[in-house]
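Novice: Need coordinates for the following:
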Amino acid sequence: MSNHHAIQISMSLAESPVHSSSSDDFAGLLERELDSGSLESSPEEEDEEDKEADGDGDGDGSDVESESRIKRRKGDNLESVEETNGSTSQGLPEQKSEASATEDTCAHPGSFGDMCFLCGQRLIEQSGVTFGYIHKGLRLNNDEIDRLRNTDIKKSLNNKKLYLVLDLDHTLLNSTQLNHMTAEEEYLMSPPDSLPDELKGSLFRLDFMRMMTKLRPFIRTFLKEASEMFEMYVYTMADRAYALEMAKLLDPKKEYFGDRVISRDDGTQKHQKGLDIVVGQESAVLILDDTENAWIKHKDNLILMERYHFFRSSCAQFGFTCESLSELKSDESEPEGALANVLDLLKRIHKIFFYELGGNLIDRDVRQVLKTVRKEVLKGCKVVFSRIIPSKVQADNHHLWKMAEQLGAICSTEADSSVTHVVALDAGTEKSRWAVKQNKFLVHPLWLEAANYMWRKQPEDKFPVTETKSKTQTQ
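Specialist: Down below sits the predicted model:
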């Protein structure tokens with residue numbers, strides 16, 4: 001890299017904030033600065049770029065096009081530099097001195113490969129986080145990540161936008177291997193024109209992946225309306241090739257996610273998802289995912305989604321023996337399904353965050369808003385559990401107890417006149433009979449689960465409890 005041009009890039013990036021509310025704009029900024037700076041590279045680097053252009057990228061062609069574009073601009077800029085150097089040699093010692101000073105004082109905010117993208121110095125030890133989904137080989141140190149987030153959040157808030165991280169499988173869609181489909185699902189293999197109208201435009205056969213994918217009902221409306229309130233990311237534990245193909249189905253014009261598609265190849269912790277690779281302040285991020293344990297460090301940002309099981313193989317994966325939606329030739333309701341419901345929730349949270357809180361926008365925390373809205377769901381309810389919690393388990397450590405409290409209910413181990421609901425699996429228990437006698441609500445534990453997924457209290461009569469002969473030793 002030319003030291004003079006490294007200084008130009010350094011000054012441009014250091015002095016100019018990232019005018020972006022998305023990682024796409026940030027990637028564009030880096031590319032523009034690197035291109036306009038006329039990067040000179042060694043023969044070894046050129047050879048390596050040639051290898052990447054020959055097909056060592058991620059498979060979607062974007063890296064190949066980017067590398068080719070950079071090369072073309074390099075050639076043009078190098079000719080310009082040679083002409084300038086051929087006409088005069090004045091000023092070179094001064095440029096060298098300036099470049100040397102820059103290298104000595106450069107904080108190395110980030111790198112491509114092992115080279116600082118500001119001063120061009122090769123870095124022996126690197127810290128920070130890799131953002132390969134933004135630009136191949138890009139790594140940023142922690143201070144630079146903080147600076148970018150601080151800049152990004154200000155623009156996002158000014159645009160009345162928060163951040164939304166979306167899981168793929170069982171949240172936005174459901175996929176199956178073609179060889180896992182049952183005889184009852186054979187009708188799905190018909191030509192697109194022969195499919196039922198409700199499946200057209202939402203069912204995709206991907207022969208090159210030997211896979212079929214079904215998009216969740218309401219997905220198009222959900223993405224369109226959510227994009228007006230959020231900068232959206234895809235984040236999946238699947239590999240990058242799969243993630244990119246699913247993103248194409250969901251967002252063929254790249255108007256919702258752009259290149260903000262994160263896969264397990266980008267994660268910094270095995271079997272876990274983290275917000276450390278999202279260019280967004282944690283205080284402004286919401287997450288939609290069907291797997292709570294994937295977000296151990298960020299549960300306060302999470303909105304847990306009911307899993308979408310369209311295919312038989314998906315049901316079997318989670319131990320369900322019932323017929324799948326595909327076998328029943330049915331599907332979730334568009335207006336009353338999971339995505340329609342969560343869109344309403346997102347609108348409520350967005351409205352509260354921007355229009356109903358006091359103080360400065362920058363000091364607000366969407367996690368607190370989420371917690372407040374959740375506590376409204378069962379506000380006013382007092383719950384007693386009957387033979388739900390094993391006797392060896394401390395009651396307030398049980399997940400249903402915790403869930404009820406998070407939803408705003410008061411939990412108790414004793415039945416008294418203030419109790420509104422008894423949660424049981426058996427209508428024959430002492431507390432269950434007491435509930436019926438005292439005209440209290442007797443509900444199945446699924447009543448709590450449904451309220452947790454739907455974010456509103458559910459009709460009690462839809463969750464009846466029948467009498468069984470189970471004698472499990474529970475409270």
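Novice: phi, psi of the residue nearest the centre of the chain?
Specialist: In the chain, the C-alpha nearest the mean C-alpha coordinate belongs to residue 165, at 2.6 Å (Cα atoms, centre = their mean). Main-chain torsions, residue 165, degrees, to the nearest 10: phi -100, psi 120.
Novice: What of residue 403?
Specialist: Torsion angles, degrees, to the nearest 10, at residue 403: phi -60, psi -50.
Novice: residues contacting it?
Specialist: For residue 403, the contact set (Cβ atoms under 8 Å, 6 or more residues apart in numbering) comprises 448, 449, 452. C-beta: built from backbone N, CA, C; applies to glycine.
Novice: Quick one, grab the pLDDT at it.
Specialist: Residue 403 is assigned 97 on the pLDDT scale.
Novice: likewise the one 3 residues further on?
Specialist: As summarised for this prediction, residue 406 has a pLDDT of 97.
Novice: so where does the closest residue to it other than its chain neighbours fall, helix or strand?
Specialist: Among residues not flanking residue 406 along the chain, residue 374 sits closest, at 5.7 Å (Cβ to Cβ, 6 or more residues apart in numbering). Using DSSP states H and E, residue 374 falls within helix 366-375.
Novice: how far out from the middle of the chain is that helix?
Specialist: Distance of helix 366-375 from the chain centroid (Cα atoms, centre = their mean, to the nearest Å) equals 19 Å.
Novice: tell me the mean pLDDT over that helix?
Specialist: Computed over helix 366-375, the average pLDDT equals 98.
Novice: same thing with stretch 165-176?
Specialist: 98.
Novice: ok, and for that stretch, which residues are buried?
Specialist: Neighbour counts over stretch 165-176 (16 or more other Cβ atoms under 10 Å) mark 165, 166, 167, 168, 169, 170, 171, 172, 173, 174, 175, 176 as buried.
Novice: ok, and what's touching that stretch?
Specialist: Contacts of stretch 165-176 (Cβ under 8 Å, 6+ apart): 211-216, 219, 232-236, 238, 243, 246, 249-250, 275, 278, 285-291, 294, 301, 305, 307-314, 339.
Novice: Just give the number of residues close to residue 283.
Specialist: 17 (other Cβ atoms under 10 Å).
Novice: confidence score at it?
Specialist: 97.
Novice: quick one: secondary structure of it?
Specialist: Under DSSP: H, G, I helix; E, B strand; the rest coil, residue 283 falls in the helix class.
Novice: Identify the residue nearest it in space, chain neighbours excluded?
Specialist: residue 365 (4.3 Å).
Novice: Correct me if wrong: that neighbour contacts residue 285.
Specialist: No. Using Cβ atoms under 8 Å as the test, residue 365 is too far from residue 285 to be in contact (10.3 Å).
Novice: Comparing these two, which residue is more hemmed in?
Specialist: residue 285 (21 against 15).
Novice: need the contact list for the more buried one.
Specialist: 162, 163, 164, 165, 275, 278, 298, 301, 366.
Novice: Residue 276 too?
Specialist: Going by Cβ under 8 Å, 6+ apart, the list of residues near residue 276 reads 129, 268.
Novice: Dihedrals phi and psi, it?
Specialist: Dihedral angles (degrees, to the nearest 10) for residue 276: phi -70, psi -20.
Novice: That one and residue 142: what is the separation?
Specialist: 9 Å (Cβ to Cβ, to the nearest Å).
Novice: same thing with residue 415?
Specialist: For residue 415 relative to residue 142 (Cβ to Cβ), the value is 53 Å.
Novice: what about the two, which has more around it?
Specialist: Relative neighbour count places residue 415 above the other of residue 415 and residue 142, with 17 against 12, counting by other Cβ under 10 Å.
Novice: before we move on, what SS does the more buried one have?
Specialist: Residue 415 is classified as coil under three-state DSSP.
Novice: how near is it to residue 242?
Specialist: For residue 415, the distance to residue 242 - Cβ to Cβ - is 51 Å.
Novice: And for residue 341?
Specialist: Counting by Cβ to Cβ, the gap from residue 341 to residue 242 is 27 Å.
Novice: Narrow the contacts of residue 403 to just the buried residues.
Specialist: 448, 452.
Novice: ok, so of the contacts of residue 403, who is nearest residue 158?
Specialist: residue 452 (33.9 Å; Cβ to Cβ).
Novice: pLDDT wise, what is that closest one at?
Specialist: 96.
Novice: In this structure it contacts residue 306, no?
Specialist: No. The criterion here is Cβ under 8 Å, and residue 452 misses it with residue 306 at 9.2 Å.
Novice: what sits against the closest residue to residue 430 other than its chain neighbours?
Specialist: Computed as Cβ to Cβ, 6+ apart, the closest residue to residue 430 that is not its neighbour in sequence is residue 386, at 7.5 Å. Residues near residue 386 by Cβ under 8 Å, 6+ apart: 422, 423, 424, 426, 429, 430, 431, 432, 475.
Novice: Quick one: residues contacting residue 254.
Specialist: Residue 254 touches nothing, counting by Cβ under 8 Å, 6+ apart.
Novice: For it, give its distance to residue 232.
Specialist: Residue 254 is 12 Å from residue 232, by Cβ to Cβ.
Novice: what touches both of these two?
Specialist: Listed contacts common to residue 254 and residue 232 are nil; contacts here mean Cβ under 8 Å, 6+ apart.
Novice: Taking the contacts of residue 285 together, which two end up most distant?
Specialist: Those two in the contacts of residue 285 that are separated most widely, counting by Cβ to Cβ, are 162 and 298, at 14.4 Å.
Novice: more neighbours, these two?
Specialist: residue 162 (24 against 20).
Novice: Quick check: chain neighbours aside, which residue is closest to the more buried one?
Specialist: Residue 162 sits nearest to residue 284 (Cβ to Cβ, 6+ apart), 4.8 Å away.
Novice: With residue 335 instead?
Specialist: That would be residue 218: by Cβ to Cβ, 6+ apart, it lies 7.6 Å from residue 335.
Novice: State the pLDDT value of that neighbour.
Specialist: 98.
Novice: Since that was my last question, I'll sign off now.
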